[in-house]
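Participant: Sequence and predicted structure below; questions after.
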Amino acid sequence: MKPNHMNDHLLKFPQTLPNDIEDFIHFYPNKFPAIIKEYETLARKCFQDPIGFMKMGDRHYQDVVKGFKKLAAEREAWYQAHPKASDLDELTFLVEFDGRLNKLFAFRFWIVNYLFADGPIHEYYVDRLKQYARRLIEVEGVEIHDYESRAIALQRDLMQGEYADLYLQDALNCEATIALLRQDKKTGKLLDEIGILISKKDAKDKELSKKKLDLIINLARHGQSAMAKKIKDHLHHAFAQAEWRETDLPLYNTLTQAIEFEEENIRLRQRQDELHEKIRQILIRAKKIFKTAEFKEFVLCYQMAGCFAKYKDVMGQADDVLIPMWNKNIFGRMFDIVLKMNPDCYRRGLGPGGMFYFFVWFLPDELKAKVMTPDKKSFSLKSL
């Protein structure tokens, strides 16, 4: 059963997308034709299923992580096996490597982060949510300008919802982590010592603070106590980033900010609790005002809008790893080679789609064909 006013064309592959800076909406359906069916199949499965959408988003993100690690390892192996590769051989490898990275990006990142989170289904749910929000405002004795300001405020609360974006999640998790550590005299004292070192902003003090932070990191990483397990859970995002990037820097940064902005994070927690109560009251009022079917759709719109906001963030975690791979390891080297072949080539800043709208103009004919020839196979991590 479709939500009211849901038209079939909203489940079709979009013709345009807002915020699609790289203009992939024109490249990807031609380069990877199977993405059209892939998206439309997922759209029909997930468009009114928040839980199903979240499971799909989690799978796609994990595939991005696994696929990236696979490609990064193969890139390293290629350079080790070809220490004296010619420019043409290296350029051929980079073009093929970019094609594989784009396929991973298209089928796993772009589908969630753009086709869903910025596409027509998202727009539909947001519009419907705003319409319902206006019906929740009491109109009797209310001036027009007051009504509009209340409607905007209510819409804003619903769009923000109970989902905290990654920045807010990190702040709230930091607040919870510090609160746990403060319950123990030993770790509470350690926090005070680290806070003093951080405030000095001296290089030696910074190194000493990292050694003390290691005590907390090791407690969370290896500790078996209930507190240690809770801290690791609160710091799951930082631990995941540390594992992916193979450095504890994300953990140092997170804990440093947790200590430095302890009071600010407590206030953020209070504000988030207030917002949760607002949402609870909105849902109570909606259930009284709307008919049963309308209330179900209202809740669905609220949940789906929250899903899209959440997975825009979840997939965005990959940017810090994917973008440097393109800018430094692919395009940075390609510029050096292409400039030798085309001295008048203008070196410019590029995004992930740079192969399609820039480099293809300067490649040898056989590599031009590689870039612009459709890859009709469906996506598979095994065959990536």
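Facilitator: Perfect, thanks for sending it. Note that the structure is a prediction, hence the values are computed from the model and not measured. Numbering: from 1, shown residues only.
Participant: got the phi/psi numbers for residue 223?
Facilitator: phi -70, psi 150 (degrees, to the nearest 10).
Participant: And it, how far from residue 217?
Facilitator: When CB to CB, to the nearest Å is the yardstick, residue 223 and residue 217 sit 10 Å from each other. Glycine gets a C-beta too; all of them are placed from N, C-alpha and C.
Participant: for residue 329, same thing?
Facilitator: Between residue 329 and residue 217 the distance is 29 Å, computed by CB to CB.
Participant: between the two, which one's more packed in?
Facilitator: Neighbours were counted for residue 329 and for residue 217 using other CB atoms under 10 Å; residue 217 has more, 21 against 18.
Participant: Spatially, and excluding backbone neighbours, which residue is closest to the more buried one.
Facilitator: Spatial nearest neighbour of residue 217, excluding adjacent residues (CB to CB, 6 or more residues apart in numbering): residue 251 at 5.2 Å.
Participant: need the contact list for that neighbour.
Facilitator: Going by CB atoms under 8 Å, 6 or more residues apart in numbering, residue 251 touches 213, 217, 235, 238-239, 242.
Participant: let's go with 7 Å and repeat that
Facilitator: Going by CB atoms under 7 Å, 6 or more residues apart in numbering, residue 251 touches 217, 235, 238-239, 242.
Participant: Then residue 283?
Facilitator: Taking CB under 7 Å, 6+ apart as the test, residue 283 contacts no residue whatsoever.
Participant: And for residue 330, the neighbour number?
Facilitator: When counting by other CB under 10 Å, one arrives at 23 neighbours for residue 330.
Participant: 751 is where my numbering starts, stick with that
Facilitator: I'll keep to 751 as the first residue from here, and by that count the last item is residue 1080.
Participant: pretty sure residue 762 contacts residue 790?
Facilitator: Yes - counting by CB atoms under 7 Å, residue 790 is a contact partner of residue 762 at 6.3 Å.
Participant: mind checking how far residue 846 is from residue 786?
Facilitator: Going from residue 846 to residue 786 by CB to CB gives 23 Å.
Participant: what does residue 845 give?
Facilitator: Distance from residue 845 to residue 786, by CB to CB: 24 Å.
Participant: show me what contacts the most centrally placed residue in the chain?
Facilitator: Nearest to the centroid of the C-alpha atoms of the chain, with distances taken as CA atoms, centre = their mean, sits residue 1066, at 2.2 Å. Residues in contact with residue 1066 (CB under 7 Å, 6+ apart) are residue 863.
Participant: where does residue 960 land in three-state SS?
Facilitator: Of the three states, residue 960 takes helix according to DSSP: H, G, I helix; E, B strand; the rest coil.
Participant: And for it, the neighbour number?
Facilitator: Neighbour count of residue 960, defined by other CB under 10 Å: 18.
Participant: Equivalent analysis for residue 1082, please.
Facilitator: So residue 1082, with other CB under 10 Å, has 12 neighbours.
Participant: Show residues contacting the helix or strand bottoming out on mean pLDDT in the chain.
Facilitator: Least confident helix or strand of the chain, by mean pLDDT, DSSP states H and E, is helix 894-910 with a mean of 75. Outside helix 894-910, the residues within contact range by CB under 7 Å, 6+ apart are 879-880, 883-884, 886-887, 889, 1025, 1028-1029, 1032, 1052, 1055.
Participant: So for those, which is the shakiest by pLDDT?
Facilitator: Going through the contacts of helix 894-910 one by one, the lowest pLDDT turns up at residue 889, 63.
Participant: Would you mind splitting this protein into its domains for me?
Facilitator: Split into domains by automatic domain parsing, the chain comes to 763-866+1068-1122, 873-910+1017-1066, 916-1010.
Participant: so which of the ones you listed gets nearest residue 1130?
Facilitator: Nearest of those to residue 1130, taken as CB to CB: domain 763-866+1068-1122 at 9.2 Å.
Participant: Show me what the mean pLDDT comes to for the closest one.
Facilitator: Domain 763-866+1068-1122 comes out with an average pLDDT of 93.
Participant: what's the span of it from first residue to last?
Facilitator: Domain 763-866+1068-1122 stretches 21 Å from its first residue to its last (CA to CA, to the nearest Å).
Participant: ok now it, how far from the chain's centre?
Facilitator: Relative to its chain's centre, domain 763-866+1068-1122 lies at 16 Å (CA atoms, centre = their mean, to the nearest Å).
Participant: next one: stretch 1042-1060
Facilitator: Distance of stretch 1042-1060 from the chain centroid (CA atoms, centre = their mean) equals 21 Å.
Participant: those strands in the stretch 951-1100 of the chain, which residues are they?
Facilitator: Assigned strands in the stretch 951-1100 of the chain: none (criterion: DSSP state E, counting those that start in this stretch).
Participant: Could you tell me which ranges of the stretch 951-1100 of the chain sit under the pLDDT cut-off?
Facilitator: Residue ranges of the stretch 951-1100 of the chain with pLDDT under 70: none are present.
Participant: please redo it, this time with the cut-off set to 90
Facilitator: 951-1033, 1056, 1059-1075, 1077-1078, 1089, 1091-1100 (pLDDT under 90).
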